[in-house]
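Visitor: Sequence first, predicted model second:
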Protein chains: 2
Amino acid sequence: MAAALPPTSALDDAALDAAGPAFSPLYQQIKALITRSLQAGEWRPGEAIPSEMDLAARYKVSQGTVRKAIDELATENLVVRRQGKGTFVATHAEEQVQYRFLRLVPEPDQKPGPVERRFIDCKRLRAPAEVARLLDLKAGDPVIQVRRLLFFGGRPVVLDDLWLPGLLFKGLTAERLSDYRGPMYALFETEFGVRMIRAEEKVRAVAASTADAPLLGVTEGAPLLSVERRTLTYGDKPVELRRGLYDTSNHHYRNELN
Amino acid sequence: MAAALPPTSALDDAALDAAGPAFSPLYQQIKALITRSLQAGEWRPGEAIPSEMDLAARYKVSQGTVRKAIDELATENLVVRRQGKGTFVATHAEEQVQYRFLRLVPEPDQKPGPVERRFIDCKRLRAPAEVARLLDLKAGDPVIQVRRLLFFGGRPVVLDDLWLPGLLFKGLTAERLSDYRGPMYALFETEFGVRMIRAEEKVRAVAASTADAPLLGVTEGAPLLSVERRTLTYGDKPVELRRGLYDTSNHHYRNELN
DNA sequence: GAGTGGTCTAGACCACACT
DNA sequence: GTGTGGTCTAGACCACTCC
């Protein structure tokens, strides 16, 4: 580790004046360095990162220290370890489950039918104050709004409204969304270099509005699950806002508590 | 480790015929042994377990192996590590947050008022088929049903219905529930020796029924969040079934996706 | 067989809490 | 000071994948 400070090194007073503890374990520093390389695209999604021994040599630390750093990156789903092969940059493209963040599952008695998508709208507009605030933008900044339906077994179940920062997603059109095979987040990752890392969701029960009810094939006022998602990329920077309306007649939102 | 098999030890054919891989890392075996002691109550909730060095000596393995076992137990919230003090058996009694499993949070504009509880009912009955199935009981086995309301800032927000295996919770009465200060799971833990480890929840949007609406102070048909929880103890044994109805006018169900 | 991640060990030292 | 968990190291061997 040439650049990083050893844990016990003295710091000048100016550094100590800065906020936060002027100390972090070596493996945390290594983790931060690897994360920086991931963010900078030094290794592309799906590719292998250097082996633990290589990284240990690069950063001048022991393999065990690199291992602990990678362990944490793996539990945060930034990388995936595969014994005998290497450690790979996580991707939304080659995942076992289609939608990593979608917690909606069919009731046990339902047949898991095929999933279809229909993009209703994709337009550019100026960010309303609330959207701007949640995306860390200024009100009036360009944003892209996308509206789409998800069908399970031929029936509409999810109505999604998305807001994306216009600057990050230049050139996004309804056509590109429709043509792309695979999860939307995989397209964002490969075409726009925006990697969805984690998300926060707020779930509520709401009544179907006059406008939304026919799209989901429910009666006006029918109870729907409202799922507001704020999706973050590296450094907890928000890059997507999403409001989903779920018809939970034959599906439910599944969650595990630990 | 006297009893546990070394990772590479040969097994006779009968053992190989049994389902599952006939191998687990040493630290997993240690983890299982510690878990067994936790389950058996060798150390009570809130108490410290032996130090890593002591456990290493007891099981005849290195401290690092014990450490890895405890690390996993800590991430599963079975124990809590405190630097300089020791490792402690997790408990619902002395927690920073009142309700570890309750994901309901007030809207940002709401003042977080005091939480009050009101127990409406606590009766013994025979398990309906569905309840029995989910609790791994036989239909007709004795169960205890509890109904209660949670108030936030004086207003009813959560209506809970619980089903508990009658054999595990002998002597549970509405009075004991009302008199107890602290989370219900803490009472279960200290009075009945039943430790809630993790849970699965199914969330849906439903319309308020004629019977439930007045309890929550909403109009009939108003959209409510239905939260079905199945709570598990050691060995993933189900020990509680719970159906909550949440009024999400001023609160929401919060979730983090990774 | 070579290379990768996974496990296990033994020992050193650090940070923290109690006494 | 003593004891606890937390970090870091160096080396050995195992399990898996691919050539």
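Guide: That came in fine, so what should we check first?

Visitor: Show the pLDDT at A:Val206.
Guide: Model confidence at A:Val206, given as pLDDT, is 98.

Visitor: In contact with the closest residue to it other than its chain neighbours, which residues?
Guide: Of all residues not flanking A:Val206 in the chain, A:Ser226 sits nearest, at 4.5 Å (CB to CB, 6 or more residues apart in numbering or on different chains). Where you see a C-beta, it was placed from the backbone N, CA and C, and this is true even at glycine. Contacts for A:Ser226 (CB atoms under 8 Å, 6 or more residues apart in numbering or on different chains) come out as A:203-206, A:243-246, B:205.

Visitor: Next up, identify which helix or strand A:Ser226 is on.
Guide: strand A:223-233 (DSSP states H and E).

Visitor: could you say what helices and strands the following helix or strand past that strand packs with?
Guide: Counting by DSSP H and E, the next helix or strand C-terminal to strand A:223-233 is strand A:237-246. Where contact means 3 or more CB pairs under 8 Å, 6 or more residues apart in numbering or on different chains; DSSP states H and E, strand A:237-246 is packed against helix A:129-134, strand A:155-165, strand A:223-233.

Visitor: just checking, what packs against the shortest one?
Guide: Just to be clear, that refers to helix A:129-134. By 3+ CB pairs under 8 Å, 6+ apart, helix A:129-134 packs against strand A:237-246.

Visitor: Sheet partners, orientation included, of the strand it packs on?
Guide: Taking DSSP bridges as the criterion, strand A:237-246 forms sheet pairs with strand A:155-165 (antiparallel), strand A:223-233 (antiparallel).

Visitor: got the CA coordinates for the first one in CSV?
Guide: In other words, strand A:155-165. The C-alpha trace of strand A:155-165 is given here as CSV (Å, rounded to 0.1, in the frame of the first residue of the first chain):
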residue,chain,number,x,y,z
ARG,A,155,-52.5,-10.3,-17.2
PRO,A,156,-51.3,-6.8,-16.2
VAL,A,157,-49.9,-6.8,-12.7
VAL,A,158,-47.4,-4.0,-12.4
LEU,A,159,-47.7,-0.4,-13.6
ASP,A,160,-44.3,1.4,-13.3
ASP,A,161,-43.4,5.0,-13.6
LEU,A,162,-39.7,5.8,-13.7
TRP,A,163,-37.8,9.1,-13.5
LEU,A,164,-34.2,9.1,-14.7
PRO,A,165,-31.6,11.9,-14.7
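
Visitor: neighbours around A:Leu137, how many?
Guide: A count of nearby residues for A:Leu137, using other CB atoms under 10 Å in any protein chain shown, gives 19.

Visitor: so it touches A:Pro165, yeah?
Guide: Yes - A:Leu137 is within contact range of A:Pro165, at 6.2 Å (criterion: CB atoms under 8 Å).

Visitor: Check the contact lists of the two and give me the overlap.
Guide: A:Val143.

Visitor: Before we move on, what's the pLDDT of the residue nearest to the spatial centre of chain A?
Guide: Central residue of chain A (CA atoms, centre = their mean): A:Met196, 2.5 Å from the mean position. Per-residue pLDDT puts A:Met196 at 97.

Visitor: And for A:Leu11?
Guide: At A:Leu11, pLDDT is 36.

Visitor: just for the stretch 101-250 of chain A, where's the confidence low?
Guide: Counting by pLDDT under 70, the stretch 101-250 of chain A shows no low-confidence range.

Visitor: Name whatever forms a beta bridge with the residue nearest to A:Val206.
Guide: A:Arg204, A:Leu245.

Visitor: and chain A, which residues reach DNA strand D?
Guide: Within chain A, the positions near DNA strand D by CB under 7 Å from any atom of the strand are A:7, A:25-28, A:61-65, A:68, A:82-85.

Visitor: what does chain A have sitting close to DNA strand C?
Guide: So far as CB under 7 Å from any atom of the strand goes, chain A lies against DNA strand C at A:7-8, A:23, A:49, A:51-54, A:64, A:67, A:81-87.

Visitor: try it again with 10 Å
Guide: A:6-9, A:21, A:23, A:25, A:48-56, A:62-64, A:66-67, A:70-71, A:74, A:79-88 (CB under 10 Å from any atom of the strand).

Visitor: Now which of those would you call buried?
Guide: Neighbour counting with 16 or more other CB atoms under 10 Å in any protein chain shown marks A:49-50, A:52, A:55-56, A:66, A:70, A:79-80, A:87-88 as buried within the residues of chain A next to DNA strand C.

Visitor: Let's have the residues you listed in TSV, adding pLDDT.
Guide: Formatted as TSV, these follow (pLDDT from 0 to 100):
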residue	pLDDT
A:Ile49	98
A:Pro50	98
A:Glu52	98
A:Leu55	97
A:Ala56	97
A:Val66	98
A:Ile70	98
A:Val79	98
A:Val80	97
A:Thr87	98
A:Phe88	98
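
Visitor: Identify, from those, the entry nearest to B:Leu125.
Guide: Ranked by distance to B:Leu125 (CB to CB), these are led by A:Val80 at 48.5 Å.

Visitor: mean confidence score for the longest helix along chain A?
Guide: Secondary structure assigned by DSSP state H gives helix A:26-40 as the longest helix of chain A. Helix A:26-40 comes out with an average pLDDT of 97.

Visitor: ok, is it in contact with chain B or not?
Guide: No - Helix A:26-40 stays clear of chain B (CB under 8 Å from any CB of the partner chain), getting no nearer than 13.6 Å.

Visitor: which helices and strands does that helix pack with?
Guide: Short answer (3+ CB pairs under 8 Å, 6+ apart): helix A:26-40 packs on helix A:52-59, helix A:63-75.
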